[in-house]
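Trainee: when you get a sec, could you give me coordinates for this:
(chains A and B)
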Number of protein chains: 2
Amino acid sequence: MKDYFKVDEWKIVEEGFDPHYNKVAESVFSLGNGRMGQRANFEEAYSGETLQGNYVAGVYYPDKTRVGWWKNGYPEYFAKVLNAANWIGIDVWIGNEQLDLAKGEVISFSRELNMKEGYLKRSFRAKTAGGKEVEVVATRFCSMVDDECGAIKYTITPLNFDDIITITPFIDGDIANKDSNYDEKFWDEVQKGIAEGISSVQLRTKKTGFEVLTAMKCVLFNGDTQVDYQSTPILKEKYVATEIKVDAQQGEPVTLIKYAVNLSSQNYKAEELAARATALLAAISAKGFDTMLAEQAAAWAEKWKHNDIIIEGDAKAQQGIRFNIFQLNQTYTGEDDRLNIGPKGFTGEKYGGSTYWDTEAYCVPFYLATAEQKVARNLLLYRYKQLGKAIENAKLLGFKNGAALYPMVTMDGTECHNEWEITFEEIHRNGAIAFAIYNYVRYTGNEAYLADYGLEVLIAISRFWSQRITFSEDKQQYVMLGVTGPNEYENNVNNNWYTSTIAVWCMKYTLEVIGKVKHTDPAKYDALATKIAFDEATETGRFADIIAKMYFPHDEKLGIYLQQDGYLDKEQILVKDLPKSELPLVKKWSWDRILRSIYIKQADVLQGLYFFEEDYDLDTIRRNYDFYEPRTVHESSLSPCVHAILAAKLGDVERAYQFYLRTSRLDIDDYNDDTDDGCHITSMAGTWMAIVEGFGGMRVKDDMLSFNPLLPGEWKALSFQIGFRGSLLNIRIAHDGVTVKNLSEKAITVLLNGDSQLVSGNGEVLVNV
Amino acid sequence: MKDYFKVDEWKIVEEGFDPHYNKVAESVFSLGNGRMGQRANFEEAYSGETLQGNYVAGVYYPDKTRVGWWKNGYPEYFAKVLNAANWIGIDVWIGNEQLDLAKGEVISFSRELNMKEGYLKRSFRAKTAGGKEVEVVATRFCSMVDDECGAIKYTITPLNFDDIITITPFIDGDIANKDSNYDEKFWDEVQKGIAEGISSVQLRTKKTGFEVLTAMKCVLFNGDTQVDYQSTPILKEKYVATEIKVDAQQGEPVTLIKYAVNLSSQNYKAEELAARATALLAAISAKGFDTMLAEQAAAWAEKWKHNDIIIEGDAKAQQGIRFNIFQLNQTYTGEDDRLNIGPKGFTGEKYGGSTYWDTEAYCVPFYLATAEQKVARNLLLYRYKQLGKAIENAKLLGFKNGAALYPMVTMDGTECHNEWEITFEEIHRNGAIAFAIYNYVRYTGNEAYLADYGLEVLIAISRFWSQRITFSEDKQQYVMLGVTGPNEYENNVNNNWYTSTIAVWCMKYTLEVIGKVKHTDPAKYDALATKIAFDEATETGRFADIIAKMYFPHDEKLGIYLQQDGYLDKEQILVKDLPKSELPLVKKWSWDRILRSIYIKQADVLQGLYFFEEDYDLDTIRRNYDFYEPRTVHESSLSPCVHAILAAKLGDVERAYQFYLRTSRLDIDDYNDDTDDGCHITSMAGTWMAIVEGFGGMRVKDDMLSFNPLLPGEWKALSFQIGFRGSLLNIRIAHDGVTVKNLSEKAITVLLNGDSQLVSGNGEVLVNV
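Mentor: This next block holds a predicted model:
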């Protein structure tokens, strides 16, 4: 699979068509604008292997749970992002032959994703079974400026014939989710119609009742000349189309421009969708395709200004990191605090398109540094607004008094997942949500957030921990029974060090924030305490007692924290000593064998040492790293980045570089043979972290940005932009020195290898190494 | 639900019809003869709540697995006993109204299961919507003598009218399993036909290709006079019927006798089924219904002679225990070593009708004492014949060198179950299979079984344990990681004491049997060692090393074995201190909360102390019993019996009696609100054990039967029959003494309260207490 796509610093390029890679290419070439997105399916019919996918952010359906063995506490539904109406479709008939690349001969084919300007372009020459040759050039994008709109320019040129070409742009809402549990379709038709050049289908989701209106307006060109056209309307169940017959001449291009909109009842009243669509289509078609595309390029230029990373001397790494940044920006723009980041973004349906702790652990740092503060803040508010449901969720599991357990997987705050060892036990996610609050405040300095929103969440989470933790009469210490840590290759263990550590940290931080808010904003504190019936003395007393008497498993002899009590009873054969044929374990070993083994799927103790590095000396981190890394199989896409950061911290640039390589081209190179399902969006943020926190060594210390750069020998230089409290910096790391350039007016003091450096507005500082 | 059925020492009686209890009654009144069986569905149409069920032993279908989250190692299929052709159906129309108790008025209704003679009788008077009153008496049975046959006598008397009554006996093979994973039907039609008075349907199971021919022959009577009749054949998909119109007169009974056969291609060539059915139907119809019924009574009398239990002074307990013995005998007769005992027998589909470790732990003791030796032996041979598949099963999980893991749930030796914490981890089942071999040899004295079959199984099982157990460098002891003990309310724990104990016992017993067979039958030993490539020195060396260095969790202070390492870290609130509203936990608590709790579903440490009681002094057993019983919620039907036996052993007759009460009428009183799905067949054997091993205190010691009787104060006397090595004994326990009567010619020495007593042929011994 490797090297299927061409290397280019700003583009993903496919030359020639290989149907076996089509689903991978559909994922990699996906488009999105935060509001809607889609896989890179063809506009015209394609009868080969394809995974059709169009998604509208925030529109979901609670699919009835299907499990083999029901466990009490399982949610009845799994909310899934919906595969929505296909708005890209343009059916093409040449004479009486349908254009279909799976059927005719593909003479040439190229597809490119222009990441700099944000569009997808596909060109091909094909010959039908009847020998007719055509050239097609199709360009499309999801507009970042008009984020409910997309546009396609589709040009067909007959190369060796004159004939009628029938072009039928359509909207097809008769769509099913591939992952539907009971083979149900999730959409009902509300209305459809074709009038005044606008074709539309309005659909309503079953149960959730979201309405989405998808509409199109088409313009036809002969050569460069816009022409009027006659069309025949076609209306079927959840489907509208207009059939246009063109008397095409050899060598003369015919172009259809399709303007489309996706409007959701989340943003407008359902009855206003149609009028709104008409207005929007009028506006964008008046603007025209080329203007829209130019605006798109400008919008992307603005994005890149804030978050581009330049790796000099390594085009593959350059392409990899840009692809990751591009996809992250396509997935989430931070405009709407009801939205979040699914593990596949708009590139597939896997994992239900829902929210995981990936958001807090991996994505928040990315958006904090590369976007306006409101973006990360909206991710935090998403959880704040779901606090009530997290409390309900905990209540269903037997917790009380406002204890909150955030769901493992969610769309609207309700738990969706149904594996007991994950759903009920991978509770460290609660800690990541608290940590994101800490991280946000540390980064932005915006302490007001704590009084307004943060503390309420923190208390609810700490309440959960204080009930979930048990006092062991036998040990005379508090213990944490029955959890699954970040390493999902151990399930239902006692005293997972990471979970216990983050739980205790949550309670400490909650106590600290209580103290802070009581001091800075006593009125808000009192209002909150009343609202949530907070019995401060008793509850904080319990928190403090747990903090004082928590049991953390560790081994004196090895000087390490234990992943869980029984970890050292396991057979200690390192990953390097396993036959290669046994990897990946998840495919080669039965589940119980994996669980009994020492092998770690993703950072667990090391995740804790990464989050709380300031609490541990470098030797402790090194001993744990040296112990656990050789036992880690990195079978989660979220694993290598944390290891890269720790390796860099420990000065091992070569190891850090190896870890980085495993993530940055994960999807482009289909490293895990699973990109056909969609791209690994949230782990892309991890790749960014590996660069900025790993090689850049960036941290926030005492309200300042701090850098401890380390450049892989393979690279000539590395540079990236970071926004921090109103300043925008460019940091360029070369082998002979580090340059910090202030791109903003506001002066800023940063720490460079521990030394404080003042960088004046628009100034720069060079530190030789 | 309690007291719905009338108390009778030999019958289960339902007076009056309550549609809400119909499914429970259908389960309780089920019929079977080891070869086939059925729920007590009505012959005539019934449009109310019903669970139709007809089953043919050994005929199964591998239904494609359906799970929410696939784990590597899961089997692709779950073999299920099939709901087979309905052969009891007799559709009845009175004029133009169909007889259907859900529609007309039920004037009177009674149903009784005659356990003494083995038949089901139902009588009712009903009035149709049109006001026509009929009386119906229906008697049917599955013949113990002709075990592929059943017969029904169905008498209708018009009470207030003359009219045409249309009687349509049918066979309907268009049947689906209620528990089908993909709503598939599992049967295809091979052929059907009506000729020479015989109607038949031959069906073939999908995938497994079993063929079953179900055929009927009907005879009509006016009053007591057999009459010829005209009939109209009706043939539909997988369905045959003959419609008979009778000009019925008020007060004159019309009787249809329906003879039926179920023949399976497991026992005959598929192409011979039809001829065989014709011959069989000719034979039984020539015999006639009354003769068949008399033979049935005689066959049951012979059964009862060997296994009746008489409880004097407690009719409810009497009814309960007879019901259990009756159902066990209906389910399994031991004629066929390809058959086994599903948890629901022929009374429902739940749990797939498959084999669990219940067979070895609970049923083998029952059949050892109450049936010919070949019955228990056939249960053992069933596993012996599946050894190859158990080895394959272990191989799929990464074990090697002929290690065997018997499946958790199976039909043909292949694992069917798919919950990782059970399928892969509830491996103590392997121990129960080894223990059954030990138990069989201990009871029968038949040591030749070891050389012929037993040792091969024992070595394969010990090989499994020796690979499944890990040497902990940290502890310098062997540990058992990641198991689920008999208490399924703890999953994936380390060092479950019961599992470790039975594993080590298996290896000890294997070493002992190796020594024995090498000595008594060196040629067979050598042949076996060659066959299975047994490296005696290395392998027995490993067994011995594990035996010497196994880690067993225990607590010095409390003087108890620990269910698993972390048991004492749990919150120690006893069951009696739980609010009643929280029980049963399985319905009231989320699964993780159950797992984190101390509460025990069924005997775990105590199961081990029961199996291996000779290895522990009474004080140790008492300390563990006193510790664990108050933590046990008995939410498995298999739990109370072991506790009853231990309580009796510890001299606590009152507790033993309380435990006994919880099981003996479990289904009759629908104690757990789940008898509608079927009866708890395997736990019925536990009830028998509670009587014989609990109150009877029966054990085998040094090749002798030993009794330590203890009679509950509530009972006048208790007596039971026990077969042992060619002798048949009746033991009667009264408050003033125990009588042992030898019903056979052969003298026998028994131990009574530790004293040896010679009981001469046909003699008796009375010991006063």
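
Trainee: which residue is the nearest non-sequential neighbour of the residue of the stretch 401-550 of chain A found nearest chain B?
Mentor: The nearest approach of the stretch 401-550 of chain A to chain B comes at A:F424, 3.4 Å away (CB to the nearest CB). C-beta: built from backbone N, CA, C; applies to glycine. Leaving aside its sequence neighbours, A:F424 sits nearest to B:D592 (CB to CB, 6 or more residues apart in numbering or on different chains; 3.4 Å).

Trainee: and that neighbour, how many neighbours does it have?
Mentor: Residues lying near B:D592 (other CB atoms under 10 Å in any protein chain shown) number 25.

Trainee: is it in contact with A:N491, as I believe?
Mentor: No: judged on CB atoms under 8 Å, B:D592 makes no contact with A:N491 at a distance of 11.2 Å.

Trainee: what touches both of those two?
Mentor: A:E425 (CB atoms under 8 Å, 6 or more residues apart in numbering or on different chains).

Trainee: how much space separates the residue of the stretch 401-550 of chain A closest to chain B from A:K316?
Mentor: Going from A:F424 to A:K316 by CB to CB, to the nearest Å gives 42 Å.

Trainee: and A:K236, by the same measure?
Mentor: Distance from A:K236 to A:K316, by CB to CB: 46 Å.

Trainee: give me the number of residues near the residue of the stretch 401-550 of chain A closest to chain B?
Mentor: A:F424, neighbours per other CB under 10 Å, totals 28.

Trainee: give the contact list for it.
Mentor: A:G73, A:L397, B:S590, B:W591, B:D592.

Trainee: confirm the last one sits in a strand?
Mentor: Okay, so that is B:D592. No: applying DSSP: H, G, I helix; E, B strand; the rest coil, one finds B:D592 to be helix, outside a strand.

Trainee: run me through the strand neighbours of the helix or strand of chain A with the lowest mean pLDDT, direction for each.
Mentor: Here the helix or strand of chain A ranked lowest by mean pLDDT, DSSP states H and E is strand A:77-83, holding a mean of 88. Strand A:77-83 has the following strand partners under DSSP bridges: strand A:54-64 (antiparallel).

Trainee: buried ones in the strand it pairs with?
Mentor: A:N54, A:Y55, A:V56, A:A57, A:G58, A:V59, A:Y60, A:Y61, A:P62, A:D63 (16 or more other CB atoms under 10 Å in any protein chain shown).

Trainee: can I assume the fourth one is in contact with A:Q38?
Mentor: No: under the criterion of CB under 8 Å, A:A57 makes no contact with A:Q38, lying 11.7 Å away.

Trainee: can I get the contacts of A:F424 in a markdown table with pLDDT and distance to A:G193?
Mentor: A markdown table is the format used below for the contacts of A:F424 (pLDDT from 0 to 100; distance: CB to CB, whole Å):
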| residue | pLDDT | distance to A:G193 |
| --- | --- | --- |
| A:G73 | 88 | 46 |
| A:L397 | 96 | 48 |
| B:S590 | 95 | 49 |
| B:W591 | 96 | 50 |
| B:D592 | 96 | 51 |
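
Trainee: got a winner among the residues you listed for most neighbours?
Mentor: That'd be B:D592 among those, by other CB under 10 Å, with 25 neighbours.

Trainee: more neighbours: A:K236 and A:K316, which one.
Mentor: Neighbours per residue (other CB under 10 Å) separate A:K236 from A:K316, with A:K316 holding more: 17 against 11.

Trainee: helix or strand: which one has the more buried one?
Mentor: Using DSSP states H and E, A:K316 maps to helix A:315-331.

Trainee: from the chain's centroid, how far away is that helix?
Mentor: 12 Å (CA atoms, centre = their mean, to the nearest Å).

Trainee: what segments of the stretch 201-350 of chain A are strands?
Mentor: Using DSSP state E, counting those that start in this stretch, the strands found in the stretch 201-350 of chain A span residues A:211-222, A:225-227, A:231-236, A:239-248, A:254-264, A:309-312.

Trainee: return the most buried member of the ones you listed.
Mentor: Of all these, strand A:254-264 carries the top mean neighbour count, a mean of 25, counting by mean count of other CB atoms under 10 Å in any protein chain shown.

Trainee: mind listing what that one pairs with, with the direction of each?
Mentor: When DSSP bridges is applied, strand A:254-264 pairs with strand A:149-158 (antiparallel), strand A:211-222 (antiparallel).

Trainee: so can I have a markdown table of these showing distance to B:L718?
Mentor: A markdown table is the format used below for those (distance: least, CB to CB, whole Å):
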| stretch | distance to B:L718 |
| --- | --- |
| strand A:149-158 | 83 |
| strand A:211-222 | 72 |
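
Trainee: need the contact list for the residue located most distally from the centre of chain A.
Mentor: Note on chain A: the largest C-alpha distance from the chain mean falls to A:D162, namely 47.2 Å (CA atoms, centre = their mean). Contact partners of A:D162, counting by CB under 8 Å, 6+ apart, are A:D247, A:A248, A:Q249, A:Q250.

Trainee: which among these gets closest to A:K385?
Mentor: When those are compared for distance to A:K385 (CB to CB), A:A248 wins out at 53.8 Å.

Trainee: that closest one bridge partners, please.
Mentor: Going by DSSP bridges, A:A248 is paired in beta bridges with A:D163.

Trainee: is it true that it touches A:I167?
Mentor: No: using CB under 8 Å, A:A248 is not in contact with A:I167; the gap is 9.5 Å.

Trainee: show me what counts as buried in the lengthiest helix in chain A.
Mentor: Counting by DSSP state H, the longest helix found in chain A is helix A:497-520. For helix A:497-520, a neighbour-count test (16+ other CB under 10 Å) marks A:497-507, A:509-511, A:513-514, A:516-518 as buried.

Trainee: cool, and stretch A:585-604?
Mentor: In stretch A:585-604, counting by 16+ other CB under 10 Å, buried: A:585-586, A:589-604.

Trainee: quick one: neighbours of A:A548, just the number.
Mentor: 10.

Trainee: I misspoke; the intended subject was A:M704.
Mentor: By the criterion of other CB under 10 Å, A:M704 has 15 neighbours.

Trainee: return the residues in contact with it.
Mentor: By CB under 8 Å, 6+ apart, the contact set of A:M704 is A:T749, A:V750, A:L751, A:S756.

Trainee: mind splitting chain A into its structural domains?
Mentor: A:12-66+A:76-276, A:301-348+A:638-769 (automatic domain parsing).

Trainee: turn those into JSON lines, columns for distance to B:G678.
Mentor: Output for these, formatted as JSON lines (distance: least, CB to CB, whole Å):
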{"stretch": "domain A:12-66+A:76-276", "distance to B:G678": "24"}
{"stretch": "domain A:301-348+A:638-769", "distance to B:G678": "41"}
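
Trainee: of all the ones you listed, which lies closest to B:L203?
Mentor: Of the domains of chain A, nearest to B:L203 by CB to CB is domain A:12-66+A:76-276, at 27.5 Å.

Trainee: starting at the chain centroid, how far to the closest one?
Mentor: Centre to centre, stretch against its chain (CA atoms, centre = their mean), the figure for domain A:12-66+A:76-276 is 24 Å.

Trainee: between the helix holding A:K316 and strand A:54-64, how many degrees?
Mentor: 70 degrees (axes from the mean of the first three to the mean of the last three CA atoms, to 10 degrees).

Trainee: other SSEs contacting helix A:315-331?
Mentor: strand A:11-15, strand A:31-32, helix A:289-307, strand A:309-312, helix A:653-664, helix A:681-689 (3 or more CB pairs under 8 Å, 6 or more residues apart in numbering or on different chains; DSSP states H and E).

Trainee: now do 6 Å
Mentor: In terms of contacts (3 or more CB pairs under 6 Å, 6 or more residues apart in numbering or on different chains; DSSP states H and E), helix A:315-331 is packed against strand A:309-312, helix A:681-689.
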